[in-house]
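*Asks:* Build me a structure from this.
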Amino acid sequence: MTSEIDEKLKNQPSWRKPAGMILILLLILLWCGIAVTLIDQLSGLNFWLQLPAYVILGVAWIFPIKPLLTWMNTGSLRHLPENKGNGASDET
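*Replies:* Down below sits the predicted model:
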């Protein structure tokens, strides 16, 4: 009986995924706004100083999204280590 209930709960769609997608879009829009405001300051720099700045701006938006994706899938902001299920114990 409880396994049927657990299976039904697993198959129900979660509200976290649509909410997470909206938050991801908002985060990307915010990040684009920050990057666009920095373009005026970066355009006056030498190419070799612009290059790392644009690389950082192009990649750094991914880091805040990772916990959000984890939350969307697990319901927790941190990924909890899974039990390996090998039956081994640390205690002797």
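
*Asks:* Looking at the protein, which helix is longest?
*Replies:* Counting residues, the longest helix found in the chain (DSSP state H) is helix 16-43.

*Asks:* From the centroid of the chain, which residue is nearest?
*Replies:* Nearest residue to the geometric centre of the chain (C-alpha atoms, centre = their mean): K66, 2.2 Å.

*Asks:* Give the rounded mean pLDDT of the helix or strand hosting that one.
*Replies:* Using DSSP states H and E, K66 falls within helix 62-74. Mean pLDDT, helix 62-74: 87.

*Asks:* Give me the contact list for that helix.
*Replies:* For helix 62-74, the surrounding residues in contact (C-beta atoms under 8 Å, 6 or more residues apart in numbering) are 14, 16-17, 19-21, 23-24, 27, 76-80. All C-beta atoms are positioned from the backbone trio N, CA, C, and that covers glycine.

*Asks:* will you turn these into JSON lines that also has distance to I34 and neighbour count?
*Replies:* As requested, the contacts of helix 62-74 are exported to JSON lines (distance: C-beta to C-beta, whole Å; neighbours: other C-beta atoms under 10 Å):
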{"residue": "S14", "distance to I34": "30", "neighbour count": "12"}
{"residue": "R16", "distance to I34": "26", "neighbour count": "15"}
{"residue": "K17", "distance to I34": "26", "neighbour count": "12"}
{"residue": "A19", "distance to I34": "23", "neighbour count": "13"}
{"residue": "G20", "distance to I34": "21", "neighbour count": "18"}
{"residue": "M21", "distance to I34": "21", "neighbour count": "12"}
{"residue": "L23", "distance to I34": "16", "neighbour count": "16"}
{"residue": "I24", "distance to I34": "16", "neighbour count": "16"}
{"residue": "L27", "distance to I34": "11", "neighbour count": "14"}
{"residue": "S76", "distance to I34": "28", "neighbour count": "10"}
{"residue": "L77", "distance to I34": "22", "neighbour count": "10"}
{"residue": "R78", "distance to I34": "26", "neighbour count": "9"}
{"residue": "H79", "distance to I34": "27", "neighbour count": "13"}
{"residue": "L80", "distance to I34": "32", "neighbour count": "8"}
